[in-house]
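Participant: Build me a model from this:
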Amino acid sequence: MPACLRTRVSVQALAAVALVEPLVKDLEPVVEDYFAFFSSSIDEIKSTDACSLTPIIEDLRRLREQMLLARVKVQQLADAIEATTSDRQLKEFARRVLAIFFCTRHASGGKASRSTTYIDFLEHLPPDSVRRSQGDLVDAARQTKDEIAHAWLQVSQTYGALRLDSVK
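Facilitator: Residues are numbered from 1 along each chain as shown. Below is the predicted model of the structure:
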């Protein structure tokens with residue numbers, strides 16, 4: 001490969017890392033917050049004897065609100081990268097970041113926020129079925145946590161590939 005082409009590839013890879021690295025640093029605490037959000041939900045649901053999930057839903061809403069600014073910042077950065085780059089690997093990275101926040105499993109014709117979908121699920125559960133449904137509620141939270149973990153691993157893998165490309 002000619003030296004000028006290698007230099008251009010290296011500059012391009014370094015630019016990609018310069019875009020991605022701040023996003024990864026901002027994303028990490030958000031992922032940790034999401035894990036805490038769903039872990040808290042699991043713990044509260046397991047320990048409730050009540051027929052109403054209102055206190056749990058209020059706690060989850062409070063946690064979600066606390067995460068709002070960090071979530072929005074990361075989502076906007078990922079959206080901007082996806083919208084402005086023609087680099088396939090950067091676009092994939094941005095899509096994988098957004099997959100942490102959104103799922104298509106419950107969405108009709110698009111994507112839905114994981115935490116909003118879960119809270120909506122809890123809200124619409126008839127009060128007389130809370131005790132019978134505890135296992136299903138815990139399973140739903142665990143499944144969502146697993147999906148977030150999988151999305152985080154994909155982000156990490158793509159980030160690693162971008163970093164390796166910058167040192168070639």
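Participant: pLDDT-wise, which helix or strand of the protein ranks last?
Facilitator: Ranked by mean pLDDT, DSSP states H and E, the weakest helix or strand in the chain is strand 102-103, scoring a mean of 77.
Participant: Strand partners (parallel or antiparallel) of whichever helix or strand comes after that strand?
Facilitator: Next in sequence after strand 102-103, counting helices and strands by DSSP states H and E, comes strand 112-113. Partner strands for strand 112-113, per DSSP bridges, with pairing direction: strand 102-103 (antiparallel).
Participant: how far is the partner strand from where the chain is centred?
Facilitator: With CA atoms, centre = their mean, to the nearest Å as the basis, strand 102-103 stands 8 Å off its chain's centre.
Participant: repeat for stretch 48-59
Facilitator: Offset of stretch 48-59 from its chain centre (CA atoms, centre = their mean): 25 Å.
Participant: In this protein, spot the helix with the most residues.
Facilitator: helix 3-47 (DSSP state H).
Participant: next SSE after that helix?
Facilitator: Using DSSP H and E, the helix or strand that follows helix 3-47 towards the C-terminus is helix 54-66.
Participant: now the next helix-or-strand element following that following helix: mean pLDDT?
Facilitator: Going down the chain from helix 54-66, the next helix or strand is helix 68-84, by DSSP H and E. Here helix 68-84 scores 91 as its mean pLDDT.
Participant: so what's Pro102 closest to, chain neighbours aside?
Facilitator: Rather than Pro, residue 102 is Phe. In space, Phe102 comes closest to Lys111 once its chain neighbours are excluded; the distance is 3.9 Å by CB to CB, 6 or more residues apart in numbering. For the C-beta atoms, the positions are set from N, CA and C on the backbone; glycine is no exception.
Participant: what sits against Val97?
Facilitator: Contacts here follow CB atoms under 8 Å, 6 or more residues apart in numbering; on that basis Val97 touches Leu23, Leu27, Val74, Gln75, Ala78, Val155.
Participant: try it again with 6 Å
Facilitator: Counting by CB atoms under 6 Å, 6 or more residues apart in numbering, Val97 makes contact with Ala78, Val155.
Participant: Not counting sequence-adjacent ones, nearest residue to the residue nearest the centre of the chain?
Facilitator: Per CA atoms, centre = their mean, the C-alpha nearest to the average position across the chain is that of Ile100, at 2.0 Å. Nearest residue to Ile100, sequence neighbours excluded (CB to CB, 6+ apart): Ala151, at 4.4 Å.
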